[in-house]
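In: Sequence and predicted model, in that order:
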Amino acid sequence: MATPAAPAAPAAPAAPAAPAAPAGGPRPVDRLLALYALVSGAALLFPGRPAAWPLLAALHAALALAGLRGGPVRRGLAALARRWPRGARVAADWYPLLLVPALYTELEALNLAVWGGRMFDALVMGWEAALFGGQPSRDWAAAAPVPLLSELLHFSYLSYYLIIYLPPLYLYATGRLEETRRLIFVLMLTFVAHYVFFIYFPVAGPRYGFPPPGGGIEDGFFYGLAHGILEAGSSRGAAFPSSHVGVTLAATLCLLRPLPRVAPLLVVLTLGLTLGAIYGGFHYAVDALAGLLLGAACVAAAPRLRGALA
């Protein structure tokens, strides 16, 4: 009689899969930022460049090298991935949006390098008068100093910061990584498209030429917050096209399908932000119109451009 076979030892439980490390090569958004670093860094070749231009040039070179497989950014991420794969992936996904404040801060130094302080407001104001028969950024709030209207429009203007960062964070936290990466690519494309204008066609905007709107609306909370933020941290020359309007429109268009429940709110806030940019005297109406057009163009061009940079 055959001896029964001993029962097989239970299989060891499979080890949990490690989070995917970032790809060794640069991503489309890395190459996009590398191209922007070259285009924007060319401003440092002009005679008006600041005394600290070697430092700015080095930073631009480092960003440009992010588009190379063997560049220092890729090597740094690869080293991080060996020790902390999840952290490397998060860093690779989020550094573009975290870089936006720094890119914005340098705009004034770059347009000063090119133009030595010249602004093209007179030209834009001529377009404004031709299209709208006056200067809406100066006249609208003066003609309608309604506190409730002012507060709603200034709150909408401030919603820009929420729209740019909260939806990507939500998509990322819920595991929709590819949707987040597509959204961040569109946002960065829209940002850098506006920033090229700010460097090579600087427009100061109505805040520098007209007094702030008054008539009682200046006592509003959101009025004070919006004007205070811009006074504390705006770059002169960054008015045309309005990046607030363009980037917000781009984000809203990209989020209509992924976040259908909040899409109506985003549409309302985008409309309010566009009107608030003019009512609050932050942008000429032409700035807002150009921002809408450029934002829509970036959304349309993003899929093909992202494929080309892959």
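Out: Here it is on my side, so go on. Residues are numbered from 1 along each chain as shown.
In: List the residues that contact S156.
Out: V268, L269, L271, G272, L273, L275, G276 (CB atoms under 8 Å, 6 or more residues apart in numbering). (C-beta placed from N, C-alpha, C; glycine too.)
In: Of those - the most surrounded one?
Out: Tallying neighbours with other CB atoms under 10 Å puts G276 at the head of the contacts of S156, with 29 neighbours.
In: Among the contacts of S156, which one lies nearest to T174?
Out: Closest to T174 out of the contacts of S156 is L269 (21.2 Å), distances taken as CB to CB.
In: got the contact list for that closest one?
Out: Contacts of L269 (CB under 8 Å, 6+ apart): S156, S159, I163, T248, T252.
In: how about these in JSON lines, adding secondary structure?
Out: Listed next are these as JSON lines, based on DSSP: H, G, I helix; E, B strand; the rest coil:
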{"residue": "S156", "secondary structure": "helix"}
{"residue": "S159", "secondary structure": "helix"}
{"residue": "I163", "secondary structure": "helix"}
{"residue": "T248", "secondary structure": "helix"}
{"residue": "T252", "secondary structure": "helix"}
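In: I'd like to know which of those residues are buried.
Out: Using 16 or more other CB atoms under 10 Å as the burial test, the contacts of L269 include S156, S159, I163, T248, T252 as buried.
In: nearest to G214, of those?
Out: After measuring the buried ones among the contacts of L269 against G214 - CB to CB - the closest member comes out as S156, at 19.9 Å.
In: Give me the nearest residue to the closest one, chain neighbours excluded.
Out: What sits nearest to S156 in space, not counting adjacent residues and going by CB to CB, 6 or more residues apart in numbering, is G272, at 2.8 Å.
In: Kindly report the same for L271.
Out: Going by CB to CB, 6+ apart, L271 has S156 as its nearest residue, at 7.7 Å.
In: Name the nearest residue to L158, ignoring sequence neighbours.
Out: That would be A226: by CB to CB, 6+ apart, it lies 5.5 Å from L158.
In: er, L153 actually
Out: L153 sits nearest to G276 (CB to CB, 6+ apart), 3.5 Å away.
In: In a helix, that neighbour, correct?
Out: Yes - assessed with three-state DSSP, G276 lies in a helix.
In: do you know how far it is from W84?
Out: Taking CB to CB, to the nearest Å as the measure, G276 falls 42 Å from W84.
In: can you pull out the strands in the stretch 151-300 of the chain?
Out: For the stretch 151-300 of the chain, strands defined by DSSP state E, counting those that start in this stretch do not occur.
In: ok, back up a step: can you report how many residues neighbour the residue nearest to L158?
Out: 23.
In: on that earlier part again, and the residue nearest to S156, how far from V186?
Out: 21 Å.
In: what does A300 give?
Out: Distance from A300 to V186, by CB to CB: 10 Å.
In: Compare the two (neighbour count), which wins?
Out: V186 (24 against 12).
In: OK, contacts around the more buried one?
Out: A250, A251, C254, C298, V299, A302.
In: 6 Å - rerun?
Out: By CB atoms under 6 Å, 6 or more residues apart in numbering, V186 lies in contact with A250, C254, V299, A302.
In: what's the pLDDT at it?
Out: We have a pLDDT of 98 for V186.
In: Just give the closest residue to it, not the sequence neighbours.
Out: In space, V186 is closest to A302, 4.5 Å off (CB to CB, 6+ apart).
In: For A250, see how far away the one you found is.
Out: 8 Å.
In: more neighbours, these two?
Out: Between A302 and A250, counted using other CB under 10 Å, the more crowded position is A250 (32 against 22).
In: I'd guessed the more buried one sits against A296; true?
Out: No - applying CB atoms under 6 Å as the test, A250 and A296 come out as separate, 7.7 Å apart.
In: low pLDDT regions in the chain?
Out: Within the chain, the stretches falling below the threshold (pLDDT under 70) are 1-24, 69-78, 80-81.
In: Determine which residue lies closest to the centroid of it.
Out: Geometric centre of the chain, nearest residue: F191, 4.2 Å, by CA atoms, centre = their mean.
In: Output the helix or strand that contains L98 as PDB, nothing but the C-alphas.
Out: Using DSSP states H and E, L98 falls within helix 85-105. Below are the C-alpha coordinates for helix 85-105, written out as PDB (Å, rounded to 0.1, in the frame of the first residue of the first chain):
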ATOM      1  CA  PRO A  85      10.300  54.700  -4.400                       C
ATOM      2  CA  ARG A  86       7.000  56.300  -3.400                       C
ATOM      3  CA  GLY A  87       8.700  59.600  -2.500                       C
ATOM      4  CA  ALA A  88      10.500  59.700  -5.800                       C
ATOM      5  CA  ARG A  89       7.300  59.200  -7.700                       C
ATOM      6  CA  VAL A  90       5.500  61.900  -5.800                       C
ATOM      7  CA  ALA A  91       8.500  64.300  -6.300                       C
ATOM      8  CA  ALA A  92       8.600  63.600 -10.000                       C
ATOM      9  CA  ASP A  93       4.800  64.200 -10.300                       C
ATOM     10  CA  TRP A  94       4.600  67.300  -8.300                       C
ATOM     11  CA  TYR A  95       7.800  69.300  -8.700                       C
ATOM     12  CA  PRO A  96       6.400  71.200 -11.800                       C
ATOM     13  CA  LEU A  97       3.500  72.700 -10.000                       C
ATOM     14  CA  LEU A  98       5.600  73.400  -6.900                       C
ATOM     15  CA  LEU A  99       8.000  75.200  -9.200                       C
ATOM     16  CA  VAL A 100       5.400  77.700 -10.400                       C
ATOM     17  CA  PRO A 101       5.900  80.400  -7.700                       C
ATOM     18  CA  ALA A 102       9.600  80.500  -8.400                       C
ATOM     19  CA  LEU A 103       9.100  80.800 -12.200                       C
ATOM     20  CA  TYR A 104       6.600  83.600 -11.500                       C
ATOM     21  CA  THR A 105       8.900  85.500  -9.200                       C
END
